[in-house]
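Trainee: Quick one: sequence and predicted model below, then my questions.
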Amino acid sequence: MTRSGPYDPALQDERERALRLAAAEAVATEAAALAMKLRPPPGGPQGGTKGVQDYVTEADGAVEQLLAERLGALFPDDGFLGEENGRRPDEARHSGYVWVVDPIDGTSNYARGRERWCISIGLMHHDEPVAGVVNAPALGEIYTGRRGHGAFLNGRPLTASPVTDPTTAIVEMGWSPKVTRQTYTGKIDAFMALGVMPRTCGSGTLALCDVASGRQDAYLEMVINLWDVAAALVFLREAGAIASPFLRDGGLTGGALLFAAAPGVARPLANAAGIALD
């Protein structure tokens with residue numbers, strides 16, 4: 001006769017998170033196939049807009065519905081929050097886990113048949129990001145990560161950039177109609193005064209993934225939402241990047257500022273732009 005050992009809540013949490021991450025990878029693959037099937041051909045934007053330069057396509061609703069149905073069937077006691085039509089997370093929070101999804105991040109790119117867009121599935125546990133999957137099918141890239149167990153791009157570990165000199169840094173800044181032109185250009189000017197190369201590429205989620213992978217050295221968006229960053233926050237932490245306190249500063253309930261950077265340039269870049277990291 002054998003006896004099981006004492007119940008270990010921490011070990012059970014690890015099992016639950018590993019199970020959910022594996023499921024999210026499979027669901028994200030299915031969602032990516034649907035998004036590719038519905039993807040517009042290259043050309044002028046297709047779909048509608050929810051605001052200035054804020055596109056929405058048929059795929060946004062269809063992919064979110066698929067994610068909600070699949071994850072809901074697998075984990076009926078988990079909460080779900082999606083960008084388009086998702087429930088608020090407190091409506092089904094019996095397990096303590098909440099799925100936070102962006103069905104298509106980078107919709108302005110997607111609507112024109114471009115390649116820089118992705119599906120983001122983040123997993124929160126009691127308001128803490130613990131796992132995530134970002135699938136960018138047009139790029140052939142899949143990011144995965146679990147808190148305390150690393151983050152990966154197509155199976156290879158992510159590590160933030162080793163850059164320490166701002167004059168060699170590449171920094172992306174997301175544009176939003178919720179931010180004044182003066183604010184946006186002021187931050188860009190502050191970065192450029194350090195010798196930084198600025199850019200904007202249309203997907204906040206993938207920009208944060210780029211910081212985690214070392215492809216670029218920092219990303220700033222003055223107003224970004226939880227569904228854009230829930231998965232990427234795990235990747236940044238596991239890759240050794242530095243991030244501003246997005247969740248503490250309002251990111252759990254609405255749009256908030258997020259700055260993420262390689263550790264060697266985080267302080268000088270944040271100071272130049274007037275951003276608090278603590």
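Mentor: The structure has been received and is ready for your questions.

Trainee: any idea what residue 258 is structurally, helix, strand or coil?
Mentor: Here residue 258 is recorded as strand under DSSP: H, G, I helix; E, B strand; the rest coil.

Trainee: which residues does it contact?
Mentor: Taking CB atoms under 8 Å, 6 or more residues apart in numbering, we find residue 258 in contact with 208, 219-221, 224, 229, 243-244, 246, 251. (Glycine included, C-beta is placed from N, CA and C.)

Trainee: Who does residue 144 form a beta bridge with?
Mentor: Note on residue 144: beta-bridge partners by DSSP bridges are residue 133, residue 152.

Trainee: correct me, but it touches residue 22?
Mentor: No: applying CB atoms under 8 Å, one finds residue 144 not in contact with residue 22, separated by 9.4 Å.

Trainee: So which of those two has more stuff around it?
Mentor: Neighbours per residue (other CB atoms under 10 Å) separate residue 144 from residue 22, with residue 144 holding more: 26 against 14.

Trainee: Might one say that residue 84 is in contact with residue 67?
Mentor: No: at 10.2 Å, residue 84 and residue 67 do not qualify as touching, with contact defined as CB under 8 Å.

Trainee: Helices along the stretch 101-250 of the chain, start to end?
Mentor: Using DSSP state H, counting those that start in this stretch, the helices found in the stretch 101-250 of the chain span residues 107-110, 181-193, 204-213, 226-239.

Trainee: Could you list every helix and strand in contact with the shortest one?
Mentor: With contacts taken as 3 or more CB pairs under 8 Å, 6 or more residues apart in numbering; DSSP states H and E, helix 107-110 sits against strand 54-56.

Trainee: Moving C-terminal from the strand it packs on, which element do we reach first?
Mentor: Per DSSP states H and E, the first helix or strand lying C-terminal to strand 54-56 is helix 58-74.

Trainee: Enumerate the positions of that next one that are buried.
Mentor: 59-60, 62-68, 70-72 (16 or more other CB atoms under 10 Å).

Trainee: Packing partners of it?
Mentor: helix 9-38, strand 79-82, strand 97-105, strand 118-125.

Trainee: where does this structure have its least confident helix or strand?
Mentor: strand 48-51 (a mean of 47; mean pLDDT, DSSP states H and E).

Trainee: doesn't residue 62 make contact with residue 38?
Mentor: Yes: using CB under 8 Å, residue 38 is in contact with residue 62, at 6.4 Å.

Trainee: Quickly list what's touching both of those two.
Mentor: By CB under 8 Å, 6+ apart, no residue touches both residue 38 and residue 62.

Trainee: For the stretch 51-200 of the chain, which residues score under the pLDDT cut-off?
Mentor: 51-56, 86-93 (pLDDT under 70).
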